[in-house]
Every structure is written in structure tokens, then in C-alpha cells.
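*Asks:* 3D model of this:
(2 chains)
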Amino acid sequence: MLFLQLLVSGIETGALYALTAAGFALIFGATRIFHFAHGATYALAGYAFVLASRFGLAWPLGCLSALLVAIGFGLLLEELVYRPIQRHHGAFFTVFVAAFGVVIMVQSLIEVFFGRAFVAISTPLTRAREIIPGLYIAEVFWLAIAIAIIVFAALGAFLARTRAGIGLRALSENPDLLRAFGLSARRLSALAFALGSALAVPGAVLGAATTGLSPSIGAHVMLISLAASVVGGIGSLRGAALAGLLLGVVETLVVAFLDTQWSEAAGFVVLFVFILFRPSGLFGAAVAR
Amino acid sequence: MSTIPRRTLLAAALPVAGGLVVPRRLRAEEAAEAYTLGTLFPMAGPNAEYGTIFTAGAAMAVKHVTADKMLARPLVLRPEDSEGTPQGGAVGMSKLVNVDHALYVLIGFTGVSKAAAPIGTRAKVVMVNGGGVGPDLAGLSPYYWNVIPLVPDEIKTLVPFLIARKLRRVALIYVNDPFGNGLYKALKTDLTAAGGELVAADAIAPSDQQFSAIAARIRTLSPDAVYFASYGAQQAQIIKQLRDAGITQPLLTYSGATIPSVRNLPEAEGLIITMQAADWSTNDPVTQRFVTDWRAQYGSDPTTYHQNYYNAVRLFALLAQQLEKAGKPVNGDTLRAALLTTRRFALVGGEGVFDDLGDISMKIVVNTLKSGQFILAA
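*Replies:* You can find the predicted model right below:
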């Protein structure tokens, strides 16, 4: 029963990882921008939700606030930080340093406005109940699964069937060719940031209720997103989603066999295994040797 | 590739160089006339909440010492961010010693202290801990003093309480660092000796954020109580996730959980915690002034961390005042000699008595958390 319980916990954790990692993968896949500040988007969205709750707003309004903050932040970053750097042919490293600076700035701002303490939303949805003897499940588990399925189905349909979605997929391949089809690379890039940032919201909102938030939460989120993107295959949305799920499950299941302190390390062992034996990841393009 | 002319480069560099040199000179002049007290607290990252709390206690003491004109020279606080890590502690301590020329450093956290202590010892800089409680902090260096009772004292008070309440089978979650490992040994030894049993001991990394798997494992063991030993945001995460996962047994912890993020957490209701006895209604003038001014400034009661760092600064002022009156220089050696000669000081919470190692003795109590307040449980 312990194994089943750990599997359930792992799937819940993995679903949240998958959603967050997919946002990073979408942005990187479409724009090739190493959006290291994706963790900051997560933190801002989570804190916006907490703030809305403190003001007594109903949770749909809280989610909307988080969504607006996340999208607004993503678009602002794209417009004010990444685009000027790219305009001057800034190197990958320049983008990374700029994004890293933004992460620190956001963390400091959160500390100023919310304090440095841990914050969380207390809700009955996170209280586990015994479903069958020895197996405890909270309603948030079903919620996380449902949200992940709905979001990925909607995103998959958008990317496969709409003109903008197909344009996003094409953006990373050949931005010049896009213009020939009357599509704007600039607008598509903004769309990628808006969508990618929006994908951080479900994880941030559910994270505020389950694990809670602290101003430095973004760094941990970014680490997971990055690992999931590498394991899933750089730029692959479904790869990142599946890898996020895999990392969550591995992190949790390992506790059944090893000491708990190896939990997080186990996820990164998976990462190293992929780097060594399948550097292209689960769904990434084959790597030329 | 375009190149920048050397003249332009030099012109651009001058203000930068000037900016670096002038503050250093000003700092050196200032340091010559003021007593520089360094603070080596976590000011960023998951443990930053402690830095804010520690600093507030020290700042109020500086205010009082200055207002009372206790010393011939002004007192200045120079903050350095330890990040709550040994590496940050070593870097910060080097800067406080070599750049700021601090002669007395307020420090917290066991790992930070162990990394910084050799640097402070070499420079004969006194380090005073009011936040770290790891067992290794006793006698860490002749220049390292504790104004906080260490965790073995807390465990010694807790274990009889547990046995009396038939909470004999305890599961432990502890952070895998010098503090956590020290606590694990102390709890295992004392609990076993008292007839109890440590049924599980799960080590966690300081960066861990997911505890549902540990909760699942602990649940299968059905312990009488769960003890967690961590700090900062992680404590609140552990409590919340244990309760969410259906762990209904009493949760036990140490004084590190007296921070607001734990106190205000609904899931922390009923938490059993060992901590220094803090009687804010006591009549001694030092305590009354501290509490009255604290309430006036912050609108709430101080915590024992505020008390400890207030006491750390006050201790310096009392020692330096004594040395000034005797016409002696104020440095690490004279401060230490004065401490060991005097031993007893009027501090917040009553008379503070220091032993040969420079450690204070204080009464420990077992409290329980009820509606955000720590109420005496034993």
C-alpha cells in the first residue's frame, strides 16, 4: 500500500511539475530564448493568488488575477528585456544573465511587499482522506490531474489546429518563412510568452495550496522546469510534460527504497541518465554526433 | 568588432574606481571612531525571515545603548548576508573581519557558525550566537559565545514531557546538516535512555519542498508523535504537508519554529515546542524597557530571537563600558577576559549567567501553540 500511496503522491507532484515545465518548454521551443525567469513568473502568479485570497476575492477571481499577472510579466519581459537584447544580437549568455537578474529582482520585490516568510492557502481541498485502508487522497489530487489533462488537451489542439499554433511551432524553425505566410514573428513570440507564462499559473495556484510559497520558490521551480525540458527533449512540449510527470513520480517513489534525502537527487539522476544515454531527451530531435 | 578607445575606458573607469575607494576610506574613518558590530544573518533565500527577526532585536539594542550614552564611541551595525549556508557564512565573515574591521559579530545558524568561527578566531573577533542551536556550537571557539541555550538542553526538557504523556514512539524528520545531525543524536540518545523509541529518522535536504512521501512512510509506522527539526520556510511546509497527508499525531519541534510563518499557520495549531522561558511581565527594568519599547514600535510581543540578539548587543555594550571605565582597549581578548571575570549580566529575561565556554544558561519550557500564541504545556 505504501507503494501505491507514494505513486499517488508522485503523480500529483508530477502533474504540477509537468504544467510548469511545459510553459518553459513552450517558450524555449518557439523563441529559443532561455527564459530563466520562468520561475519568477511562477512565484509572481502564486503570490498574486495569495494576495487575492487575502483580499477576500473568490478563487476564480484569484486565479484570474494570477493569470493576468503571469501573462503581463511574461509579455513585459519579452518586450523590455529579451527583445532589446536580441535586437543587438545579444548572446545566449547575455539573455541568461538578464533573466537571472530579473529573478533576483522579483525575489527582492516579493520580499519587500510580502515579507520573507512562507505563505500558503489553507483549503479543505488539500486535506487527504482515507479512500481505502492505507490509501489517503486529497481532492487536490483529482484537481491537479483534471487541470493537467484539460490544459494539455487544449494546448495540443491549439498548437495543432490553429493558424497561430502552427505559426508558433514554425517560429523556431524559420522566422523569415513565417513572413511569407503573412505571420508576424514578433507577435508569435509575444504569444509564446503569454501562453508559456499562463501555463505556470495552475502549478503556482495549486502550489500555493499544497506546498506553499516563499520568495525564493522560483529557483526550485526553474530547476525542475529545466530538468524536465532536458529529459523531455529541448523544446518539446509533450516531452517536458511527460518528463515533469516522470520526475515527480521518481522523486516520490524513491522514498520506498532509499533514504528520503535522496528524493530530489533521484530526479537529477534521471536527468544525468538522459544526458549520458539519450541526450535528445524523450521527444527531442536526434543529436548529431 | 568595434573597440573602445583607451581614453574613454579610463574616463568611464574613474568614477567607478572613485566610488570604490571613497566609501572604503569613509568606512575606515568611521570604523576608527565607532564600534563596528557585524551581523552575519540570512537576508535572502528560504531562511531570510530569520535575518529580519535577528536584525530587529539587535537594532533595538543599538538604539537603547545609543540613547543611554553607555559607550564613549558610537555603535554601528554592518550587515552581511550569510544566506544561511556555510559558504555564505565564510564569505560574509571574511568581509566583516577584513573589510569592515568588525570586532564583534552577531551570528546565527549552526552551519554558518561552524564555517565562520575559524575566520573569527584567527582575527580574535568575538562571535555571538543568538539563533543557532546545534550541539556543536558549545565551545566552538574561545571567541564564540552563545546567548541562546542549545538544542541538547531543549531535548533534555522535552523527553520527560513525552514519556509522561506516553508519547514514547517518535518519528523524526531532520535536516541533513550539522544542526539536524546533532539533534538526531541527542534525541536518539535521550529518548532511548528514557525508555522511548525513535521509530524513524528521515533526513531531508535543506532545499527539499515535497514531504508527502515522508508523510506516507511515517503513517505506516503509526508513531505516537512526529518530531521535525528544520528551519525557515521548510518548517511550515513540513507541518502543512504532514497535516494535509492525514498525520494526526502531535507534532514536536524546537525553538526554531517560533517564527511568524509557523505561528500563523492554521495547520500548526497544537504544535508542541521547546523554547526559552520568556516572561515579558517580569519586573526587572531591562526586560520591561525592552518589552514596552518593542510593543510600542511593532504592536506585538517580541520573540525569544529578538530577545537573544538584543542581549547579544547589550552584552557587548556592558563589556565595552566596563573596559572603557578601566581604560583598557576593546578587542576580542579584553572582551573575553571581561566576560569570564564578570559572568553575570543584567539582560532581557533576567540575569544572564555565562559558563567557561561563553554559553548562557536559561530555563527551557515546553509550550504548545494555541491560536498563534505559545502557551505553557509543562
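
*Asks:* now do the contacts for the residue in the stretch 1-150 of chain B that chain A sits nearest to.
*Replies:* Among the residues of the stretch 1-150 of chain B, residue B:48 lies nearest to chain A; the distance is 3.7 Å by Cβ to the nearest Cβ. Bear in mind the C-beta positions are built from the backbone N, C-alpha and C, glycine included. Taking Cβ atoms under 8 Å, 6 or more residues apart in numbering or on different chains as the contact definition, residue B:48 lies against A:111, A:116, A:215-216, B:42, B:84, B:232.

*Asks:* one more: residue A:121?
*Replies:* A:49-50, A:53, A:208-209.

*Asks:* now do the SS call for it.
*Replies:* The three-state assignment at residue A:121 reads coil, by DSSP: H, G, I helix; E, B strand; the rest coil.

*Asks:* quick one: pLDDT of it?
*Replies:* For residue A:121, the model assigns a pLDDT of 89.

*Asks:* got the phi/psi numbers for it?
*Replies:* phi -100, psi 130 (degrees, to the nearest 10).

*Asks:* again, but for residue A:7
*Replies:* As for residue A:7, its main-chain torsions (degrees, to the nearest 10) stand at phi -60, psi -40.

*Asks:* shouldn't it be in contact with residue A:253?
*Replies:* Yes: counting by Cβ atoms under 8 Å, residue A:7 touches residue A:253, with 6.5 Å between them.

*Asks:* tell me how far the residue lying closest to residue A:258 once chain neighbours are set aside lies from residue B:256.
*Replies:* Distance criterion Cβ to Cβ, 6 or more residues apart in numbering or on different chains; nearest residue to residue A:258, sequence neighbours excluded, is residue A:266 at 7.3 Å. Remark: distance between residue A:266 and residue B:256 (Cβ to Cβ, to the nearest Å) = 27 Å.

*Asks:* swap in residue B:352?
*Replies:* 21 Å.

*Asks:* the two: which is more packed in?
*Replies:* residue B:256 (27 against 20; other Cβ atoms under 10 Å in any protein chain shown).

*Asks:* that one should be in a helix, yeah?
*Replies:* Yes: per three-state DSSP, residue B:256 lies within a helix segment.

*Asks:* that one contacts residue B:230, correct?
*Replies:* Yes: contact criterion Cβ under 8 Å: residue B:256 and residue B:230 qualify, at 7.4 Å.

*Asks:* which residues touch residue B:278?
*Replies:* B:303-304, B:307, B:349.

*Asks:* ramachandran coordinates for the residue in chain A sticking out farthest from the centre?
*Replies:* Going by Cα atoms, centre = their mean, the residue of chain A most distant from its centre is residue A:133, 33.9 Å out. With angles defined as degrees, to the nearest 10, residue A:133 sits at phi -50, psi 120.

*Asks:* ok, residue B:169 next?
*Replies:* Dihedral angles of residue B:169 (phi, psi; degrees, to the nearest 10) stand at phi -100, psi 110.

*Asks:* can you give me the neighbour number for it?
*Replies:* Using other Cβ under 10 Å, the number of residues around residue B:169 comes to 18.

*Asks:* can you give me the helices for the stretch 51-200 of chain A?
*Replies:* For the stretch 51-200 of chain A, the helices defined by DSSP state H, counting those that start in this stretch cover A:59-77, A:83-87, A:92-114, A:139-161, A:163-171, A:175-180, A:185-210.

*Asks:* now the longest one, how far from the centre of its chain.
*Replies:* What it means is helix A:185-210. On the basis of Cα atoms, centre = their mean, to the nearest Å, helix A:185-210 sits 7 Å off its chain's mean C-alpha point.

*Asks:* does chain B sit close to that helix?
*Replies:* Yes: Helix A:185-210 is in contact with chain B by Cβ under 8 Å from any Cβ of the partner chain, via residue A:210.

*Asks:* quick one on the thing from earlier: which ones are touching the residue nearest to residue A:258?
*Replies:* Here residue A:266 is in contact with A:250-251, A:254, A:258 (Cβ under 8 Å, 6+ apart).

*Asks:* which parts of the stretch 1-150 of chain A sit against chain B?
*Replies:* Counting by Cβ under 8 Å from any Cβ, the stretch 1-150 of chain A sits next to chain B at A:1-2, A:5-6, A:9-10, A:12-13, A:107-108, A:111, A:115-120, A:122, A:126-130, A:134, A:136, A:138.

*Asks:* re earlier: ok, of the contacts of residue B:48, which come out buried?
*Replies:* Listed as buried from the contacts of residue B:48 are A:111, A:116, A:215-216, B:42, B:84, B:232; burial here means 16 or more other Cβ atoms under 10 Å in any protein chain shown.

*Asks:* and the least confident of those?
*Replies:* Within these, pLDDT is lowest for residue A:116, at 78.

*Asks:* report pLDDT for residue 143.
*Replies:* I went with chain A, as the question did not name one. pLDDT, residue A:143: 94.

*Asks:* that's the wrong chain, I wanted chain B
*Replies:* 97.

*Asks:* now do residue B:16
*Replies:* 43.

*Asks:* repeat that for residue A:277.
*Replies:* pLDDT at residue A:277 comes out at 88.

*Asks:* quick check: phi and psi at it.
*Replies:* Residue torsions, per degrees, to the nearest 10, at residue A:277 are phi -110, psi -20.

*Asks:* for residue A:256, same thing?
*Replies:* Main-chain torsions, residue A:256, degrees, to the nearest 10: phi -70, psi -20.

*Asks:* so who does it touch?
*Replies:* A:2-3, A:6, B:217.

*Asks:* could I get those residues as CSV with secondary structure?
*Replies:* Below are the contacts of residue A:256 laid out as CSV (three-state DSSP):
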residue, secondary structure
A:2, helix
A:3, helix
A:6, helix
B:217, helix
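
*Asks:* ok, and the most crowded of the residues you listed?
*Replies:* Busiest of the contacts of residue A:256 [other Cβ under 10 Å] is residue A:6, holding 22 neighbours.

*Asks:* list the buried residues of the worst-scoring helix or strand of chain A on mean pLDDT.
*Replies:* In chain A, no helix or strand scores lower on mean pLDDT, DSSP states H and E than helix A:175-180, which sits at a mean of 76. Neighbour-count burial for helix A:175-180 flags A:175, A:178 (criterion: 16+ other Cβ under 10 Å).

*Asks:* I'd like the distance from that helix to the chain centre, please.
*Replies:* Counting by Cα atoms, centre = their mean, helix A:175-180 is centred 29 Å from the centre of its parent chain.

*Asks:* same check, this time on stretch B:101-119
*Replies:* What separates the centre of stretch B:101-119 from the centre of its chain is 11 Å, taken as Cα atoms, centre = their mean.

*Asks:* so residue B:293, which state does it fall into?
*Replies:* Residue B:293 ends up helix, using three-state DSSP.
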